[in-house]
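Student: pasting the sequence and the predicted coordinates here, then a few questions.
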2 protein chains.
Amino acid sequence: MAGLVKSTVVGTRRRVTISDVARYLDLTKGTVSRALNGYADISETTRLRVRRAADQLGYRPLSHAQAIRTGRVRSIGLVLQVNEHDGHRPFVADFLAGVSEGASREDWTLTVATAESEEDTLRLLEKISDERKADGFILPRTQVADRRIDFLRDHGTPFVLYGRTGNTSGCAWYDIQSEDAMTDAVLRLSALGHRRIAFVPGGPGYTYAELRLDGYRDGLDRAGLSIDPALIAQPAVDREAGGLATETLLDLPDRPTAIVFAVDQAAFGAYDAARRHGLKIGRDLSLIAYDGIPESSFVDPPLSTYAVDTRKAGERLADLLIRRARGADPEELRELDKARFLNRGSHGPAPRGAQISP
Amino acid sequence: MAGLVKSTVVGTRRRVTISDVARYLDLTKGTVSRALNGYADISETTRLRVRRAADQLGYRPLSHAQAIRTGRVRSIGLVLQVNEHDGHRPFVADFLAGVSEGASREDWTLTVATAESEEDTLRLLEKISDERKADGFILPRTQVADRRIDFLRDHGTPFVLYGRTGNTSGCAWYDIQSEDAMTDAVLRLSALGHRRIAFVPGGPGYTYAELRLDGYRDGLDRAGLSIDPALIAQPAVDREAGGLATETLLDLPDRPTAIVFAVDQAAFGAYDAARRHGLKIGRDLSLIAYDGIPESSFVDPPLSTYAVDTRKAGERLADLLIRRARGADPEELRELDKARFLNRGSHGPAPRGAQISP
DNA sequence: GTTGTTGCCGAAACCGGTTTCGGAAACTCA
DNA sequence: TGAGTTTCCGAAACCGGTTTCGGCAACAAC
């Protein structure tokens, strides 16, 4: 039927509008619109007739024509800051897939922009929201003091955080309890006999970094181990910094037998450092990290780490944002998930000699 | 000034419309619109007055309100199929950054969707274009017989290919001359004394796979080497298949001393296979691949490969698509770039013993 | 048999822009 | 000075939907 209509117009095919449908059924376009949008004042008979005719004619409303009256374009905004350390780059595709899935489930789409700096990010948020290319935003990689939040809150634009933040009042968010993973890592190592367990924190400023450090401390506490400030290294989010942090730890008079890393990427540096020190990872030095990036399974021995279901995160965030944009109370739009431990070869029982502590 | 206007309205701030600007200047909204859009029948004085007032009042046109009349939403569509082998996942972020940059340069945005299958892709292309969420599409990973092309061509929707295809008549595209890279790889190896150079092709069906195979053949030809069908392995796009292909090649009575891989990911499998055969890569077995994915620098020895500037590709494609959507002739929207060789440790002179050919 | 209700749809305004058309004022030229 | 141009803006239609309002017909209640 749609094909028939199309074929009558040679060359550039004209799009089917709501008026075409109305004319076809001898109704007004207002009635067709109400029928299609489930208004109560349309009889079931008419609703069915309209729906069928719309299908047959291949009518699909223009989203921007709807938006002009409704004010909503049914689109999720996402501004990615790409100058960050690229430990999360491999996840971008998965994350997009998740968001896209969650969006299309409600018949929304996804508008993506990339920024080079924080200023750039803020500029884009304003522009996209002012031009109404999106109805709200997902904010990835939340920081403790996040200017995006202040801006959008003040701007009256809905948003959802991927990660908690300093002041979450009035904020909707989704997060993974990475602090629990860090605690779990310490407990596992402690159970394997490790007594000197070091920690290499993640990027300063980011909420996750604080939380994971807390989780590490909590783990020591629950394992009955005391906190040694010397065992908390400088933050590292890439291979090089991770290597340096490991070197520093290994140079300690009472060196650690295990290191917990806030991010996988930094843990890779420990492989380099261990090689230089002639230490075998998993035997002489135990490593547990966090993120579960693909490369973590390729190193030798494979890195024990906590994997995040990034795709699911995207899907949940999309769902939360749509509900937020529809007016739901942000306080009720909060979800917390767990990371999954990948038990691999980079950690093992504490070496005998090292257990002799002063 | 903008702040002043906003502050007069307590609570939900009203957006500044074109009528507000018109009223402020005692003009009609038609005049304001024409002034802002550079119509010739507006005096320079008025144009300036309007532009200034618009800035002061913080006026930003709603893109969907413009679209209803112009028919254009100023958005680039991108449908990513995520179930493919993930050798290209690391590049997604870069690619998006490029497209986003190219788009925002012309004040366009980017609409992204992900699909699980080819059917899904086609469905999304139709939906996004019918609802007019995008004015045209960038089609990544072109196949020899690409249904997306047929569909969009028939549908009358502008598009640009990332990669050439079987029948490019009427198509705009951007591509990297990866066939030249393959030729170059063979010539390099030949210059190092290699006489038996094998090839592991990429994913069948994709245009790049055909082209790279051609490039390999061309390289042999120019090096004065004959083509031995036994040296062309089964296609491989991931580590496992790459390992298998390498095994098969190494089991040949007259085994190759060098292997050229169409994709990096497959070349990683050769590291596994070489280990099993007790061969040292770069000495006993030379490897050159293509893609330049980040992991290629982490393997030992680092993989010699050809790097693609994915970000630039995205930027160029965005530019081409926008011009295409504005009505430019597709035949004139074609660009070809070169890959950059990363001369690393996975290849070297041919081993002496192996040079004795029958 | 009147008087509410209720169900259901038509008519028209409306959203915020763009584009067409026509005409007044200013300018040019004979 | 008058006719023809040109310049520049107002008025209004238009884009394709959504939403409000009012009223007719059918039905129920008294």
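Tutor: Yep, that arrived.

Student: so how far is stretch A:329-348 off the chain centroid?
Tutor: 12 Å (CA atoms, centre = their mean, to the nearest Å).

Student: quick check: mean pLDDT of that stretch?
Tutor: Computed over stretch A:329-348, the mean pLDDT rounds to 96.

Student: repeat that for stretch A:15-35.
Tutor: Averaging pLDDT along stretch A:15-35 gives 95.

Student: please apply the same query to stretch A:60-69.
Tutor: Mean pLDDT, stretch A:60-69: 96.

Student: just stretch A:310-320 next, same as before
Tutor: In the prediction, stretch A:310-320 has an average pLDDT of 97.

Student: can you check stretch A:243-259 too?
Tutor: 97.

Student: that stretch and chain B, any residue contact?
Tutor: No. Using CB under 8 Å from any CB of the partner chain, stretch A:243-259 never reaches chain B; the gap is at least 12.8 Å. All C-beta atoms are positioned from the backbone trio N, CA, C, and that covers glycine.

Student: buried stuff in that stretch?
Tutor: Going by neighbour count (16 or more other CB atoms under 10 Å in any protein chain shown), the buried part of stretch A:243-259 is A:243-247, A:249-250, A:255-259.

Student: and it, how far apart are its ends?
Tutor: 12 Å (CA to CA, to the nearest Å).

Student: which other residues reach it?
Tutor: Outside stretch A:243-259, the residues that touch it by CB atoms under 8 Å, 6 or more residues apart in numbering or on different chains are A:189, A:192, A:194-200, A:230-231, A:233-234, A:236, A:266-267, A:269-270, A:272-274, A:276-277, A:279, A:284-288, A:347, A:350-351, A:354-355, A:357-358.

Student: go through the buried residues of stretch A:243-259 and flag which are in strands.
Tutor: A:258-259 (DSSP state E).

Student: residue in the stretch 151-300 of chain A nearest to DNA strand D?
Tutor: Proximity of the stretch 151-300 of chain A to DNA strand D (CB to the nearest atom of the strand) peaks at A:Pro158, 17.4 Å away.

Student: wait, isn't that residue in contact with A:Arg323?
Tutor: No. The pair A:Pro158 / A:Arg323 is not scored as a contact, 9.4 Å apart, by CB atoms under 8 Å.

Student: and these two? which has more neighbours close in?
Tutor: Legend: neighbour count by other CB atoms under 10 Å in any protein chain shown for A:Pro158 and A:Arg323, higher for A:Pro158 (26 against 18).

Student: what residues are bridge-paired with the residue nearest to that one when sequence neighbours are not counted?
Tutor: Once flanking residues are discounted, A:Pro158 sits nearest to A:Gly136: 3.5 Å by CB to CB, 6 or more residues apart in numbering or on different chains. Per DSSP bridges, the residues bridged to A:Gly136 are A:Ile76.

Student: mind putting the buried residues of stretch A:243-259 into a markdown table with distance to DNA strand C?
Tutor: Below are the buried residues of stretch A:243-259 laid out as a markdown table (distance: CB to the nearest atom of the strand, whole Å):
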| residue | distance to DNA strand C |
| --- | --- |
| A:Gly243 | 54 |
| A:Leu244 | 53 |
| A:Ala245 | 52 |
| A:Thr246 | 56 |
| A:Glu247 | 58 |
| A:Leu249 | 58 |
| A:Leu250 | 62 |
| A:Arg255 | 65 |
| A:Pro256 | 61 |
| A:Thr257 | 64 |
| A:Ala258 | 60 |
| A:Ile259 | 56 |
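
Student: mind picking the two most distant members of the buried residues of stretch A:243-259?
Tutor: By the measure CB to CB, A:Leu244 and A:Thr257 form the most distant pair in these, at 19.5 Å.

Student: which element is A:Arg52 on?
Tutor: Using DSSP states H and E, A:Arg52 sits in helix A:44-57.

Student: you'd agree A:Gly166 is up against A:Thr142?
Tutor: No. Using CB under 8 Å, A:Gly166 is not in contact with A:Thr142, being 9.1 Å away.

Student: returning to what we had before: show the pLDDT at the residue nearest to A:Pro158.
Tutor: What the model reports as pLDDT for A:Gly136 is 97.

Student: so it makes contact with A:His155?
Tutor: No. Contact criterion CB under 8 Å: A:Gly136 and A:His155 do not qualify, at 10.8 Å.

Student: these two: which is more packed in?
Tutor: The neighbour count for A:Gly136 versus A:His155, taken as other CB under 10 Å, is higher for A:Gly136 (23 against 14).

Student: please report how far A:Glu131 lies from chain B.
Tutor: 5 Å (CB to the nearest CB, to the nearest Å).

Student: ah, wrong one, I meant A:Tyr59
Tutor: On the measure of CB to the nearest CB, A:Tyr59 and chain B end up 9 Å apart.

Student: by contact count, what packs against the following helix or strand past the helix holding A:Arg52?
Tutor: Using DSSP H and E, the helix or strand that follows helix A:44-57 in sequence is helix A:63-70. Packed against helix A:63-70 by the contact rule (3 or more CB pairs under 8 Å, 6 or more residues apart in numbering or on different chains; DSSP states H and E) you find helix B:63-70.

Student: show me what stretch A:70-77 is in contact with.
Tutor: Under the criterion CB under 8 Å, 6+ apart, residues A:63-64, A:66-67, A:99, A:103, A:106-111, A:113, A:125, A:128-129, A:132-138, A:318, A:321-322, A:325, B:64, B:111, B:133 lie in contact with stretch A:70-77.

Student: mark which of those are buried, thanks.
Tutor: The buried subset of those (16+ other CB under 10 Å) comprises A:63-64, A:66-67, A:99, A:103, A:108-111, A:113, A:125, A:128-129, A:132-138, A:318, A:321-322, A:325, B:64, B:111, B:133.

Student: list the contacts of A:Ser296.
Tutor: With contacts defined as CB under 8 Å, 6+ apart, A:Ser296 is in contact with A:264, A:267, A:289, A:302-303, A:305, A:342, A:344.
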